[in-house]
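Asker: Structure, please.
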Amino acid sequence: MLPAISEPRKEVSKYAPKMLTMHIDPSKIREVIGSGGKVIQKIVADTGAKIDINDDGSIFIAGVDAASCDAAKKCIDDIVFVPEVGALYYGRVVRLMTFGAFVELAPGKDGLVHISKLADHRIEKVEDACKVGDMMWVKVTDIDEKGRVNLSHKDAVKEIKAKEAAGERIK
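Answerer: Okay, the predicted model is just below:
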């Protein structure tokens with residue numbers, strides 16, 4: 001064997017099928033599958049990957065290439081995404097109300113930035129600080145018992161400035 005190949009290859013051939021394994025909270029399995037399997041069937045149809053889900057939350061994703069596996073994994077990650085209190089996110093403003101702006105953290109997951117948390121000074125209207133489609137940094141300040149996410153743009157900007165002053169990189 002040594003004359004044919006002296007050491008293992010660094011990467012698997014691009015023609016070899018790929019497989020990923022991930023683990024999710026078992027209580028989120030219902031969301032990934034969807035009613036009648038609609039969600040999981042859509043992911044399979046869109047990505048071309050084969051997906052197996054076990055009752056313990058283990059998910060096996062197999063595909064003809066890494067791109068299809070990665071696309072399926074991203075879809076599942078987006079479905080089971082849970083924001084962390086204190087974490088910074090870069091999201092798109094999706095809706096304006098008189099009391100604040102809703103910012104999408106991940107597809108289908110958004111939170112409210114109250115008008116008092118949009119800027120470090122008083123603003124009369126939400127439209128003075130942002131408009132639909134704007135991208136902004138937000139910090140998760142609270143998640144209430146109903147799962148509603150409260151965000152602050154003001155706190156996010158302060159934290160980013162502090163990190164930049166300290167020479168840290170923002171992800």
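Asker: what packs against the least confident helix or strand in the chain by mean pLDDT?
Answerer: Using mean pLDDT, DSSP states H and E, the weakest-scoring helix or strand in the chain turns out to be helix 153-165, at a mean of 88. Helix 153-165 sits against strand 88-97, strand 135-143, with contacts defined as 3 or more CB pairs under 8 Å, 6 or more residues apart in numbering; DSSP states H and E. For glycine as for every other residue, the C-beta is placed from the backbone atoms N, C-alpha and C.
Asker: Next, the buried residues of it.
Answerer: Across helix 153-165, burial judged by 16 or more other CB atoms under 10 Å covers 153-157, 159.
Asker: do stretch 20-29 as well
Answerer: Those would be 20, 24, 29, for stretch 20-29 by 16+ other CB under 10 Å.
Asker: Let's have the helices and strands packed on helix 153-165 in CSV, adding mean pLDDT, mean neighbour count and distance to residue 117.
Answerer: What follows is the helices and strands packed on helix 153-165, written out as CSV (pLDDT from 0 to 100; neighbours: other CB atoms under 10 Å; distance: least, CB to CB, whole Å):
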stretch, mean pLDDT, mean neighbour count, distance to residue 117
strand 88-97, 95, 16, 13
strand 135-143, 94, 18, 8
